[in-house]
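> Mind looking at a prediction? Sequence and model below.
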Amino acid sequence: METFEVTQAVMTVGSTYQVSSPGATAVLMTVKGSLMSPTPKFQLVSGDDGPELATLTGNFIKTKFQVKGADSQELGNLSFPAIAFKKTLVLTVGGRGFTADGGLMGGAFRCIDNDGKVGLEISYGKAEAFRDRFTVTIHDNVSKEVAILSSVAIHSRFFEFV
């Protein structure tokens, strides 16, 4: 089990998120969003500006997201319902499906497969007035790239208004 904190950076051009270990200040990875794109596009890099680790792309209405590795191979997919009363998602990794129900407010997403095994948990909480923070805990068969970019997809879908 591995845990990360994904924190939205403020005063940046495009959506930017810094990834660290819980309670640490060192930036392990950074997620950088494309500015002025009709569809969500993000790049996960090592450190502040290191080599690319993975990418996340979404459709115009933010209901489908795809995670690809640095080699452009698909690592996972996320699907969100276009219209729903609850904040839900389906994460697919290597042909294995995980479903999560974030409830009405979407404070926590626990991705569980058909056998009841937890693959990933993402908890949302306001860090400060102007930025959001997620705690991402990886349990089973989900790469850290997919886990971190899943939290960004959730933020893009449910918490960003752009």
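Looks like it came in fine.
> residue ranges with poor pLDDT in this protein?
103-106, 126-131, 161-162 (pLDDT under 70).
> all strands of it, in order?
Taking DSSP state E, the strands of the chain run over residues 2-8, 16-20, 29-33, 41-46, 52-58, 64-69, 74-79, 88-93, 96-101, 108-112, 118-126, 132-138.
> Tell me which of those strands sits nearest to His155.
Among the strands of the chain, the nearest to His155 by C-beta to C-beta is strand 132-138 (6.3 Å). Every C-beta, even on glycine, is put in place using the N, C-alpha and C of the backbone.
> Phe98 versus the residue sitting furthest away from the middle of the chain, what's the distance?
Residue farthest from the centre of the chain, counting by C-alpha atoms, centre = their mean, is Asp115 at 23.1 Å. Per C-beta to C-beta, to the nearest Å, Asp115 is found 10 Å from Phe98.
> Can you lay out the strands of the chain as TSV showing mean neighbour count?
Formatted as TSV, these follow (neighbours: other C-beta atoms under 10 Å):
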stretch	mean neighbour count
strand 2-8	18
strand 16-20	20
strand 29-33	21
strand 41-46	19
strand 52-58	20
strand 64-69	20
strand 74-79	19
strand 88-93	20
strand 96-101	18
strand 108-112	21
strand 118-126	18
strand 132-138	20
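> Kindly reformat those as a markdown table containing distance to Val146.
Formatted as a markdown table, those follow (distance: least, C-beta to C-beta, whole Å):
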| stretch | distance to Val146 |
| --- | --- |
| strand 2-8 | 12 |
| strand 16-20 | 13 |
| strand 29-33 | 13 |
| strand 41-46 | 10 |
| strand 52-58 | 8 |
| strand 64-69 | 5 |
| strand 74-79 | 4 |
| strand 88-93 | 6 |
| strand 96-101 | 10 |
| strand 108-112 | 10 |
| strand 118-126 | 8 |
| strand 132-138 | 9 |
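> Among these, which comes closest to Glu145?
Counting by C-beta to C-beta, and looking across all of those, nearest comes strand 52-58 at 3.9 Å.
> Show me what the closest one is packed up against.
strand 41-46, strand 64-69, helix 144-154 (3 or more C-beta pairs under 8 Å, 6 or more residues apart in numbering; DSSP states H and E).
> Save these as JSON lines, and put in distance to Leu28 too.
What follows is the helices and strands packed on strand 52-58, written out as JSON lines (distance: least, C-beta to C-beta, whole Å):
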{"stretch": "strand 41-46", "distance to Leu28": "8"}
{"stretch": "strand 64-69", "distance to Leu28": "17"}
{"stretch": "helix 144-154", "distance to Leu28": "9"}
